[in-house]
Every structure is written in structure tokens, then in C-alpha cells.
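Participant: Sequence below, structure please.
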Amino acid sequence: MFDNRSPNSNQDSGQNGRFKTQLMSLSPLKSFFFTYLVYIAAILALYLLNRLLFLGWNWNQLQGLSLWQLVTSFVHGMRFDLVIVGPFIFLFFVATLVSFKKMSHILAALLIVIWTPFLFINFVDIELLNFTGRRFTRASLFLASEGQTSNLLQYKLLSLMTLCGIVLLIVMSWQGFRQLLNCSQRLSIKQKFASFLVLLILTVVAARGGLQYKPISYVDSKIVDHPYAHQLVLNSGFTFLKSWGQKTFQKEKYFADSDLEKYLNLNPDLYKAHSIIQPEKWNVVLLIVESFSREYLSAQSMPFTYSLATDGVYFRQAYANGRRSIEGIASILSGIPALMEEPFLNSEFATNDFVGLGHILKNKGYQTSFFHGAQNGSMRFDAFTKASGFDEYFGKNEYLNPADDDGYWGIYDEPFLRFQCQKMNEMKSPFASVVFTLSTHQPFKVPESFEQSYKPHQDSELPIQKSFSYFDFALSRYFECAQKQSWFKNTVFVIVADHTGPALNEKKSTFRQKFEIPLIFYSANKQALQGLESNQYAQQIDILPTLNDMLGLDFKKKNQLARSLFDTGKKTIALYTDHYYELVGDTDLGPEHLKAVRQYFSEGLYDNRLYFPQALGK
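Facilitator: As a prediction, the model looks like this:
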């Protein structure tokens with residue numbers, strides 16, 4: 001695209017030669033600024049191509065946008081692109097001012113090396129955003145060590161597009177720099193100084209995203225009334241830089257401690273134990289299902305799981321407390337909601353004191369274990385579950401049949417659930433065991449034998465629906481195994497999602513629907529479920545206080561954002577992702593209520609007293 005060879009070169013011909021001749025015939029200053037603008041336009045065109053790929057790849061989520069909304073999103077997206085593009089191209093110009101030509105080339109090469117990752121994460125987010133629910137930030141860095149290299153094979157097309165984009169950036173940047181160098185050498189000292197000042201001012205404006213009072217921020221991307229459109233507007237390089245320069249989480253203070261209580265999920269008997277079952281101790285099995293949206297569960301699509309919901313206690317108004325697996329496990333096992341950008345497990349607060357369900361159970365004589373069919377160490381589950389009191393960890397390393405590996409994430413659900421069922425026979429009652437499934441994770445791969453026999457329930461099924469039919473089959477086989485065991489009739493099963501999956505109809509999907517999950521309590525002995533109030537709002541962080549009451553664990557510390565599902569009364573659940581909050585429930589959901597939730601959570605993290613704040617301690 002750019003070339004620094006002389007226009008008189010014998011290699012120049014045709015339109016290309018005439019263009020360069022006309023360019024060099026301009027005054028040095030005009031020639032320089034023209035080259036500068038062409039360079040910026042070419043790079044912006046590359047970012048435009050990236051945004052078009054994002055639109056095409058995620059069309060299912062964005063197809064509800066009108067043509068005008070799409071144009072508006074692309075135009076405003078250029079503001080976020082210029083935040084990255086403007087400073088880099090200005091630095092290339094600065095490199096041309098270095099006296100030693102060799103050194104200027106070294107500086108330009110270094111700038112390209114620094115710039116490349118910013119475009120790379122823009123391409124990666126085309127698909128990664130479907131896992132994280134937000135553009136790339138500092139908090140996303142933990143994902144670098146997750147998954148397997150073979151996972152890239154499922155994204156051959158995206159990998160090829162990414163490679164092409166990076167090659168284009170390198171070629172265009174290098175050629176652009178050489179052309180700028182050629183033009184700047186024709187400038188006088190005064191012209192160079194004047195150009196530097198003008199471009200510095202323009203670069204500052206570009207880096208701020210315009211001439212508005214405050215620099216551009218996340219909120220400026222929400223220009224279209226659509227739950228996903230701001231992701232199209234944003235630039236991942238921008239979100240990464242923005243997150244790096246900010247505190248992970250801000251401490252909020254809106255109310256005096258004495259005024260905070262009325263907004264929280266308090267019950268009248270704050271520290272009264274609800275020992276529903278005495279004196280018998282029940283085994284507990286927690287099944288955490290990957291990417292399980294409430295809308296997937298029906299008698300037609302998941303008949304066995306639906307039968308458990310019908311025969312057990314099914315909370316039809318249940319919500320996940322986060323949008324990622326690493327957030328879901330902290331909510332379920334430790335009662336920590338995801339009300340900040342960075343996952344708790346990966347944040348500066350990970351060293352805080354936190355309640356571990358495993359510790360509470362161990363103190364009552366339970367044997368504890370955790371099962372996850374992925375590579376040991378995946379998502380740091382092994383470290384976190386150990387810190388939560390689960391002594392035994394069973395991952396892919398402990399599963400000795402590699403033939404059952406799906407080639408992407410780990411062991412298929414059906415054989416791994418059978419493995420867990422058999423292992424529980426070796427445990428001494430009472431025991432508490434958690435199993436985290438994975439076959440319903442992207443790319444939703446199922447065993448070949450199931451693939452051949454599977455018949456879609458409708459013509460336009462999404463890939464995830466087939467994987468949930470497989471999970472339903474795997475769960476039925478799991479219960480066939482469990483029902484034969486001596487411990488089955490004395491066991492409480494809790495089935496819950498880590499987070500939701502892709503919406504079946506994104507056009508009708510709302511923000512809160514991205515958190516709607518099934519929550520099922522099941523036991524062959526109905527006595528264990530007596531007193532559970534299913535006609536109420538529920539959330540993942542309610543599981544810990546509910547088991548505390550159900551099993552008579554008598555644990556006194558409370559997180560006031562949660563509440564036992566044996567309790568009744570008005571309730572509020574706070575949902576959060578990507579700098580946006582929403583409250584659901586049957587209480588006053590005004591701005592004051594949200595402020596109280598934010599204050600309670602932020603003070604709890606900063607003061608290391610999330611479960612027993614001083615204002616509420618009795």
C-alpha cells in the first residue's frame with residue numbers, strides 16, 4: 001500500500017507510479033499530511049473489517065438491529081478505534097524524527113510488536129465474548145492459561161482471519177512508517193516542529209475519543225437500545241487499557257450502617273438455625289451444569305431432568321450471580337456474587353476470609369470431594385475447591401481412560417458422571433460431593449454414538465440444544481447408577497447451572513434472561529425437602545445458607561445479599577455484568593436499593609467482612 005522508493009524508479013509503473021509522482025509533486029508539508037491521513041484511513045479500514053467480522057460472526061445476537069442502528073454503531077465505533085490507532089501512528093511519526101535511520105527502524109519495529117496484541121485481542125473477542133459476556137479486560141488475562149491447544153482447531157476460520165488481520169497490520173504499519181519517513185525527510189526543521197505540535201493535539205483529541213468534557217468511557221458505547229449492540233461499538237484494545245488503568249473495584253459509601261439493613265435480604269430471626277432434619281445427616285451431591293439456561297429445560301427437550309424438577313423442588317425464578325464459570329463456582333460454593341468486573345478468584349480480594357461450603361460440612365463430619373472432567377488446574381478449580389474445604393479432587397488426571405476425552409475440554413459427561421457415582425461408593429457417609437459437567441460447553445461436542453442416534457426436536461435447533469439432550473441422557477444414566485447404591489435414599493441432590501448459555505432467540509432476549517437458570521432440589525426421601533419454598537426468587541448464593549438450614553449445620557455467619565430458601569418474604573437479587581446493574585425481585589427496586597447492595601458488597605470486600613458486617617453483627 002505504501003512505498004518509499006523514488007517515483008523515478010524503473011520499478012514504478014501504471015497508476016501506482018503516477019500516484020506516487022503526483023504525491024511527490026505536492027509541497028513537502030502537504031505530501032506529509034496526505035500520507036499521514038491515508039495511513040490512518042488504511043488502518044481504520046482494517047478495524048472496520050474486524051468489526052464487520054464481529055457482526056457476521058455474532059449475527060444471531062445482533063440481527064435485531066436496524067440498518068440505521070448498525071451504521072450508528074459503526075460510526076461511533078471509530079471513536080474507540082481512534083483511541084488506539086491515533087497514538088500509535090503518532091508514535092510512528094515520532095520515530096521518523098530520530099536522527100539515526102537505523103534506530104528509527106528499530107523503534108518502528110518495536111511499535112509494531114506492541115501494537116499487534118491490541119489487534120489480536122480484537123479478533124479473539126469475536127468469539128471469546130460469548131464466553132465472558134464482555135470485551136477483553138485485565139480480568140480476562142486469567143483465560144490465557146485455560147483450555148487446550150486443540151481448542152483452536154474448532155475455530156480454524158477465525159484463526160485464519162486473525163492471522164490475516166495481523167499480517168495486514170504488520171505490512172501496512174511498516175510500509176506506512178517507511179512512507180512517513182520518506183516524507184518527513186523532505187520537511188524543514190520548522191515544518192517538523194509544526195507538524196509535531198499539530199499531530200500531538202489531534203492525537204490527544206483522538207485518545208480522548210473527541211472534544212467532550214471527559215474522555216470516552218464504557219458508557220459511551222451504549223448508544224443503541226439493544227443488550228448486545230455496545231459490544232459491536234467497543235474496541236477490545238480500548239477496554240483492556242481502560243481496565244488496566246483503573247482500580248479493580250471501588251469502595252462505595254451511601255448510607256450510615258444503621259440505615260443499610262432495611263434494603264437487604266434479612267429475615268426476622270437473623271441467627272436462628274433452621275435445623276429441619278434431625279438427627280439424621282444427609283449426603284449432599286451438587287451437580288453444577290455448564291451453560292444451563294432455564295429456557296433449555298422442558299419435558300420435550302430434557303425429559304429426564306424435567307422429571308427430576310417435577311418430582312423435586314424446582315425454583316422457576318432462579319438466577320445466576322455471574323456470567324462465567326469462575327464466577328458461578330464462587331457463588332455456589334462460597335456464596336460470593338459476581339458484582340465486579342474481575343472474578344473474585346482472580347482479584348485482589350481472593351485472599352480475604354471467605355466461607356467455604358466444604359469447611360462447614362467437614363466441621364460436621366462430612367467427607368468432601370470435587371469432580372471436574374477437565375484438565376487438572378483448569379480455571380483454578382482445584383486450588384479454589386481445596387480452599388473451600390473440598391479435600392479430594394478428581395479431574396482428567398484421575399480419570400484413566402483417554403478414549404472418553406472429547407478432544408477439547410475433557411471427559412464426556414456420561415462416563416465422567418458414572419465415574420463420580422462409582423467413586424462415591426468408596427466414601428463414608430455422610431459425604432458431600434460436587435461434580436461440574438462440561439459437555440454443554442462450546443463447541444458442544446457429543447460422543448459419536450450419541451450423534452448418530454440423535455434426532456432434533458425441531459428444525460432450527462442450536463448446537464447447544466443437542467449437547468443438552470446428551471446431558472439429559474448422561475444424567476439419566478447417572479441416576480440409574482445412583483439408585484442402585486445404598487447411599488441414594490439418604491442423599492439430597494442439587495442441580496444448578498454455573499451460568500446461562502446462548503439465548504434460543506436473541507431478538508427477544510433481555511438483560512435478566514441472560515441470568516435465568518434452573519435450580520432443582522431432589523431427594524428420593526421427600527422429608528429432606530420439606531419446608532423449601534419454591535414460589536420465591538432464588539439465586540446461586542442462596543444454596544449455601546439453604547444447605548446450612550437443611551442439614552442443621554448451625555453456621556452463624558451470613559451474607560445479607562443471600563437468604564435461605566426455607567425463608568419467605570420479599571427479596572431482591574442483584575445482577576451485574578459489563579458495568580451494568582439490574583435488580584430483580586419483589587421489593588422496592590429503586591436506585592436507593594441498588595446503592596445499598598453496592599455499598600454492602602464493596603465494604604464487605606474491602607473490609608474483609610462480607611459475611612458478618614459490623615453494622616449487622618448481633
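
Participant: In terms of pLDDT, where does the residue most central in space within the chain sit?
Facilitator: The centroid of the chain falls nearest to T132 when counting by CA atoms, centre = their mean (1.8 Å). T132 carries a pLDDT value of 70.

Participant: ok, now the one 4 residues further on?
Facilitator: We note a pLDDT of 85 for F136 in this prediction.

Participant: ok so G552 is a helix residue?
Facilitator: No. Applying DSSP: H, G, I helix; E, B strand; the rest coil, one finds G552 to be coil, outside a helix.

Participant: show me what contacts G165?
Facilitator: Each residue near G165 by CB atoms under 8 Å, 6 or more residues apart in numbering is listed here: 46, 49-50, 119, 123. The way it works is simple: take the backbone N, C-alpha and C, and place the C-beta from them, glycine included.

Participant: 10 Å instead, please
Facilitator: G165 is in contact with 46-47, 49-50, 53, 116, 119-120, 122-123, counting by CB atoms under 10 Å, 6 or more residues apart in numbering.

Participant: Show the buried residues in these.
Facilitator: For the contacts of G165, a burial check counting by 16 or more other CB atoms under 10 Å picks out 46-47, 50, 53, 119-120, 122-123.

Participant: want to try CSV for those residues, with pLDDT as columns?
Facilitator: Output for these, formatted as CSV (pLDDT from 0 to 100):
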residue, pLDDT
L46, 96
Y47, 95
N50, 95
L53, 94
L119, 94
F120, 93
N122, 92
F123, 92
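
Participant: Which of these fall within helices?
Facilitator: Among the buried ones among the contacts of G165, the subset assigned to helices under DSSP state H consists of 46-47, 50, 53, 119-120, 122-123.

Participant: now these as a markdown table including distance to V233?
Facilitator: Output for those, formatted as a markdown table (distance: CB to CB, whole Å):
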| residue | distance to V233 |
| --- | --- |
| L46 | 17 |
| Y47 | 12 |
| N50 | 13 |
| L53 | 15 |
| L119 | 17 |
| F120 | 20 |
| N122 | 13 |
| F123 | 17 |
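
Participant: List just the nearest of these to T385.
Facilitator: The closest of those to T385 turns out to be F120 (CB to CB; 32.3 Å).

Participant: now the strands for the protein?
Facilitator: Here the chain has its strands, by DSSP state E, at 283-289, 313-319, 367-372, 392-394, 431-436, 491-497, 516-522, 538-539, 572-577, 580-585.

Participant: Buried deepest among these, which one?
Facilitator: Ranked by mean neighbour count, those are led by strand 538-539 with a mean of 28 (mean count of other CB atoms under 10 Å).

Participant: neighbouring contacts of that one?
Facilitator: By CB under 10 Å, 6+ apart, the residues outside strand 538-539 that reach it are 265, 315-321, 331-332, 335, 337, 496, 515, 517, 519, 532, 546, 561-563, 565, 571-575, 584-585.

Participant: Repeat the analysis, applying 8 Å as the threshold.
Facilitator: 315, 317-321, 331, 337, 519, 562, 565, 573.

Participant: Ok, stretch 183-195 next?
Facilitator: Taking CB under 8 Å, 6+ apart as the rule, stretch 183-195 contacts 28-29, 31-33, 35, 93, 96-97.
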